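> pasting the structure only:
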């Protein structure tokens, strides 16, 4: 089997890897129908996060179960399934509280940019679709695996609800799907912060009512002007940088909610500023598993079309170009289709 | 009129000050029935916060209205009232959202350690008791002015509700009244972190079910052991230091709530640690005004006795000793009674 391996900054290779196998009785092996490149993959790709040794890459996936371990009860070979980047048992207290990404037995899923993938804790991790999906639903189901689930968590953690004014900081795929999620949750006004025309268009298509192109302090000033000097009810920080985080905190009203779902890189919060901002903060690695049944349902019934974030589709063997296109912001998000025979 | 003036580190003087007067039509002047020394007063008292010029001190107060400005409608001379450290109009959007300490027209109230006090925005700031209180209720009504309202906000911001496991970090007056508040809100288990016997006793009296004497990482370890390895549902950080904040964050379960109500001094939060902790954070200057009617009602009907935090009562002219006793932790909280004739 061939798959993507990151060797170092801007060095992704598509090469021979060991065929995944059932290693524990709770594992499943799935044949990947579609995978993609994540914004978080770009941190190590850009050399902003160390890559100590060549590493199989990719953690977004959907596909067909080929084999399950002897202890797997719920997931069956032949089912089409979607999973998340953290495998979870879905039975521990943290899972039961809806924080499957803090599962006491969690395991990172890695190496999904390949033809096949081993998924640990299959029963707790994978959710089957009602049947074999039509081809045109595959991109949306893949989006549910991470980027939609993460945008959904951003909106949920920021308490988005009917009538609220919502600001989304970050116009990457997660931010755009944060817009879609806020729309689904009934927000009255959704302000997308973006200065890229194609992303603005998609933001509007997903439900943004306003676009703000200013950033940093200017962006905050603009949000304050638009909200009677008070700030927004809910702000979704979908980037993970210091600037985005401070912009988000300063854009929220006292008592408002700020969520953050992008892994923070070098972010430091000043206790006194957060204190006097009076905001509520919540975020972390999105517990996508919590939302998967609902998201699959929305997709299956064609209520939402999150697959639109994929504006570049490539055969998996062109994975290196997929990274390049996202790195250079030529693509919002690259979908990759394995071509090897099942 | 004489009142307390802080000149610099450990230099509180009781000296002649100008008689407060109505300066704006929305002001009231009240005769102080009781005032006290706040934990936050100790920061400048200890030289940990600069005192650029001699400053009248004190911001906790209750007493009888003597005079009101021409625009005051709700507050009447002769009423016994309680107010908070931030004057608020109680009509702006932030006030209406329950964040009166972020009122768009807020003004710090200062100089309450005196015989009389000017209170700005009287109608929005002061809440009258149902009648002239019996003497034994005065300490509790004074507590409502800040320290009880702050402990109550800590519990509310940490989502304390029936059945929850709550940890209180900090055994000062705010922490102790955080315990009382959590008990009132129906918490099942309330763990007070304290290593001082007198404070432990009061914590138990206010409703703590458990006492933990360990601090820092050891304290976190103990809380994890007591909560099946998961952490607490709600953690109230009632100190304002880096150690207390990190102890609070690390003691909460994923998806749990951490509140902070002590003005942070030098606190820096690492974005990545907060991210992976999966906690919810909320705090800031307690919007005591939001809670005053309810707290006054509980006190008036003798459902709670928060006045017990005052374990030292002095005539106001001994204010310097009041500070010293708290600084040296000989007293939890000092109540001061003005003795000048009305």
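Now that the structure is in, tell me what you want to look at. All of these numbers come straight from a predicted model, not from anything done at the bench. Numbers count the residues shown, from 1 in each chain, chains lettered A, B, ... in the order given.
> what's the pLDDT at the residue nearest to the spatial centre of chain A?
Centroid check for chain A by Cα atoms, centre = their mean gives residue A:147 as the closest residue, at 2.2 Å. With respect to pLDDT, residue A:147 scores 97.
> Please report phi then psi for the nearest residue to it once chain neighbours are set aside.
Distance criterion Cβ to Cβ, 6 or more residues apart in numbering or on different chains; nearest residue to residue A:147, sequence neighbours excluded, is residue A:173 at 4.6 Å. C-beta: built from backbone N, CA, C; applies to glycine. For residue A:173, the backbone dihedrals are phi -60, psi -40 (criterion: degrees, to the nearest 10).
> Was I right to think the residue nearest to the centre of chain A contacts residue A:174?
Yes - the pair residue A:147 and residue A:174 passes the contact test of Cβ atoms under 8 Å, sitting 5.5 Å apart.
> what's the overlap in contacts for these two?
residue A:39 (Cβ atoms under 8 Å, 6 or more residues apart in numbering or on different chains).
> re the thing from before, distance-wise, check the residue nearest to the centre of chain A relative to chain B.
17 Å (Cβ to the nearest Cβ, to the nearest Å).
> and the residue nearest to residue A:147, how many neighbours?
31 (other Cβ atoms under 10 Å in any protein chain shown).
> check contacts around the residue nearest to the centre of chain A.
A:36, A:38-39, A:60, A:173-174, A:177, A:306, A:309, A:333.
> Can you flag which of these belong to strands?
residue A:36 (DSSP state E).
> Format the contacts of residue A:147 as JSON lines; extra columns: pLDDT and distance to residue A:281.
Listed next are those as JSON lines, based on pLDDT from 0 to 100; distance: Cβ to Cβ, whole Å:
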{"residue": "A:36", "pLDDT": "97", "distance to residue A:281": "29"}
{"residue": "A:38", "pLDDT": "92", "distance to residue A:281": "23"}
{"residue": "A:39", "pLDDT": "89", "distance to residue A:281": "21"}
{"residue": "A:60", "pLDDT": "97", "distance to residue A:281": "26"}
{"residue": "A:173", "pLDDT": "96", "distance to residue A:281": "23"}
{"residue": "A:174", "pLDDT": "97", "distance to residue A:281": "17"}
{"residue": "A:177", "pLDDT": "98", "distance to residue A:281": "21"}
{"residue": "A:306", "pLDDT": "98", "distance to residue A:281": "26"}
{"residue": "A:309", "pLDDT": "97", "distance to residue A:281": "26"}
{"residue": "A:333", "pLDDT": "96", "distance to residue A:281": "27"}
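> and the stretch 151-300 of chain A, which residues reach chain B?
A:228-230, A:242, A:245, A:253-255, A:260, A:263-272, A:274-285 (Cβ under 8 Å from any Cβ of the partner chain).
> Can you tell me which of the residues you listed are buried?
A:230, A:245, A:253-255, A:260, A:263-264, A:267, A:269-271, A:274-285 (16 or more other Cβ atoms under 10 Å in any protein chain shown).
> Narrow these to those in helices?
A:245, A:271, A:274-277 (DSSP state H).
> Closest to chain B out of these?
residue A:271 (2.7 Å; Cβ to the nearest Cβ).
> Show the contacting residues for the closest one.
Residue A:271 neighbours (Cβ under 8 Å, 6+ apart): B:242, B:245, B:260, B:264, B:266-269.
> Domain-wise, how is chain A divided?
Taking automatic domain parsing as the domain assignment, the record places the domains of chain A at A:2-146+A:287-337, A:148-283.
> Relative to residue B:324, which of those domains is closest?
domain A:148-283 (27.2 Å; Cβ to Cβ).
> Thank you kindly, that will do.
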